[in-house]
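Trainee: A structural model of the following input is requested.
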Amino acid sequence: MAELRRRGPRPDRAASPWGLGGLSVARLAQRVYRRLWEDEILDRAAGLSYYFSFALFPTLLFLTALLGLLPFPDAMSRLLGYADRVLPPDAASLLRKTLAEIVTGASGSLLSLGVLAALWAASSGMLSIMTALNVAYRVVEHRPWWRIRLTALALTCGFSAFALVGLLLLVFGGGIGRVVAGGIGLGGAFTLTWAVLQWPAAILLVVTALSLVYWLAPAAGRRWYWITPGSIFAVLTWLLMSLGLRVYVALVGNYNATYGSIGGVILLMLWLYLSGVALLIGAEINSAVERAAAEPTAVP
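Mentor: I've put the predicted structure just below:
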């Protein structure tokens with residue numbers, strides 16, 4: 001029998017995650033499906049939805065105060081208009097009603113404290129994400145507690161900044177394009193081009209924010225990639241999931257008849273849960289690709 005020698009990953013496989021570590025799409029899907037059950041992703045997504053629900057309204061309160069400093073009239077109302085398009089109607093109505101009650105009863109000091117409350121609550125949710133990503137990447141947490149908390153705070157601020165800029169680009173992109181076109185003397189062609197490009201630019205910002213989380217949240221260091229298969233899968237799956245949930249509720253589900261007045265809460269928690277599933281499956285895809293690229297190859 002010919003003797004076998006072991007060698008490391010091929011340079012072309014390790015160069016880019018889009019090589020899928022030398023795996024076919026079908027083989028990668030099999031690995032991710034197996035790891036999904038091994039790592040109890042569905043259960044961990046349920047835990048994430050619990051933390052997301054606590055972080056949601058303090059974060060919205062903080063954004064309301066922050067957007068009030070920007071020269072955009074009715075910015076939060078217009079942002080929530082996009083929530084109406086993504087969320088099922090009952091969940092979007094619950095979001096609007098609760099936020100209105102919070103803002104109406106909030107004083108200036110409460111809005112100031114909302115910054116700290118939002119950061120703390122959202123970073124607690126990010127801590128749960130970091131724990132789940134450690135499982136997805138098969139690494140053991142070795143960082144001291146203060147570094148973990150600082151990393152969670154930094155990731156929370158970074159992710160919020162990218163997401164907020166992306167949302168503002170979607171909502172006010174047309175106005176920004178007209179101002180830029182008028183300022184530098186360009187015509188309607190630039191405005192039309194900008195109106196088309198603002199959507200992929202906003203999606204790219206969200207994908208970048210997600211790649212940042214996948215890069216820094218796990219305990220093990222890894223190379224930075226601007227766009228990864230996992231981040232693309234997570235964003236596209238989240239968009240399709242949100243659309244599918246909205247269509248399902250409109251055509252099939254009757255949550256008000258089943259759950260009564262808490263139907264909106266059930267729908268909101270379901271949306272948060274499915275968002276967590278998309279996030280963690282994206283991490284499993286990146287982890288499976290990295291491990292496949294790092295596997296030694298036996299050659300005669």
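
Trainee: Determine the three-state secondary structure at Val140.
Mentor: Secondary structure state of Val140, per DSSP: H, G, I helix; E, B strand; the rest coil, is coil.

Trainee: Run a quick neighbour tally on it.
Mentor: Close neighbours of Val140, defined as other C-beta atoms under 10 Å, add up to 8. Every residue, glycine included, has its C-beta placed from N, CA and C.

Trainee: just Glu38 next, same as before
Mentor: 11.

Trainee: From Ala294, how far off is it?
Mentor: Using C-beta to C-beta, to the nearest Å, Glu38 is found at 18 Å from Ala294.

Trainee: go on, Ile203?
Mentor: Distance, Ile203 to Ala294, using C-beta to C-beta: 30 Å.

Trainee: In the chain, mark out all the helices, start to finish.
Mentor: 11-15, 25-38, 41-67, 75-86, 89-105, 108-136, 145-183, 188-216, 229-251, 255-259, 263-294 (DSSP state H).

Trainee: Show me where the stretch 51-200 of the chain dips below the pLDDT cut-off.
Mentor: For the stretch 51-200 of the chain, applying pLDDT under 70 flags the ranges 57-91, 95, 98-115, 117-118, 167-168, 170-195.

Trainee: Need the residues that contact stretch 130-137.
Mentor: The contact list for stretch 130-137 (C-beta atoms under 8 Å, 6 or more residues apart in numbering) reads 35, 39-41, 44-45, 47-48, 140-141, 148, 151-152, 155, 213-214, 217-220, 280, 283-284, 286-287, 290.

Trainee: if you set the cut-off to 7 Å instead, what comes out?
Mentor: 39, 44, 48, 141, 148, 152, 217-220, 280, 283-284, 287 (C-beta atoms under 7 Å, 6 or more residues apart in numbering).

Trainee: Most neighbours among the residues you listed, please name it.
Mentor: Busiest of these [other C-beta under 10 Å] is Ala283, holding 29 neighbours.

Trainee: tell me the pLDDT at it?
Mentor: pLDDT recorded at Ala283 is 91.

Trainee: Could you pull up the residues touching it?
Mentor: Leu133, Ala136, Tyr137, Tyr214, Gly230.

Trainee: now those residues as a markdown table including distance to Leu268 and neighbour count?
Mentor: As requested, the contacts of Ala283 are exported to a markdown table (distance: C-beta to C-beta, whole Å; neighbours: other C-beta atoms under 10 Å):
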| residue | distance to Leu268 | neighbour count |
| --- | --- | --- |
| Leu133 | 24 | 25 |
| Ala136 | 25 | 27 |
| Tyr137 | 29 | 21 |
| Tyr214 | 25 | 26 |
| Gly230 | 25 | 27 |
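
Trainee: Using CSV, lay out those residues together with distance to Arg31.
Mentor: CSV is the format used below for the contacts of Ala283 (distance: C-beta to C-beta, whole Å):
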residue, distance to Arg31
Leu133, 17
Ala136, 12
Tyr137, 14
Tyr214, 17
Gly230, 13
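
Trainee: Looking at these, spot the one nearest Leu245.
Mentor: The shortest gap between Leu245 and any of the contacts of Ala283 belongs to Gly230, at 21.6 Å (C-beta to C-beta).

Trainee: For Leu279, list the residues it contacts.
Mentor: When the contact criterion is C-beta under 7 Å, 6+ apart, the partners of Leu279 are Ala234.

Trainee: do you know how far it is from Trp146?
Mentor: 25 Å.

Trainee: How about Asp43?
Mentor: For Asp43, the distance to Trp146 equals 28 Å [C-beta to C-beta].

Trainee: Trp238 too?
Mentor: For Trp238 relative to Trp146 (C-beta to C-beta), the value is 32 Å.

Trainee: With neighbour numbers in mind, choose between the two.
Mentor: Under the criterion of other C-beta under 10 Å, the comparison of Trp238 against Trp146 puts Trp238 first, with 21 against 8.

Trainee: Tell me, how many residues neighbour the nearest residue to the more buried one once chain neighbours are set aside?
Mentor: Nearest in space to Trp238, with sequence neighbours left out and distances taken as C-beta to C-beta, 6 or more residues apart in numbering, is Ala278 at 4.5 Å. Number of residues near Ala278 (other C-beta under 10 Å) recorded here: 20.

Trainee: Cool, thanks, signing off.
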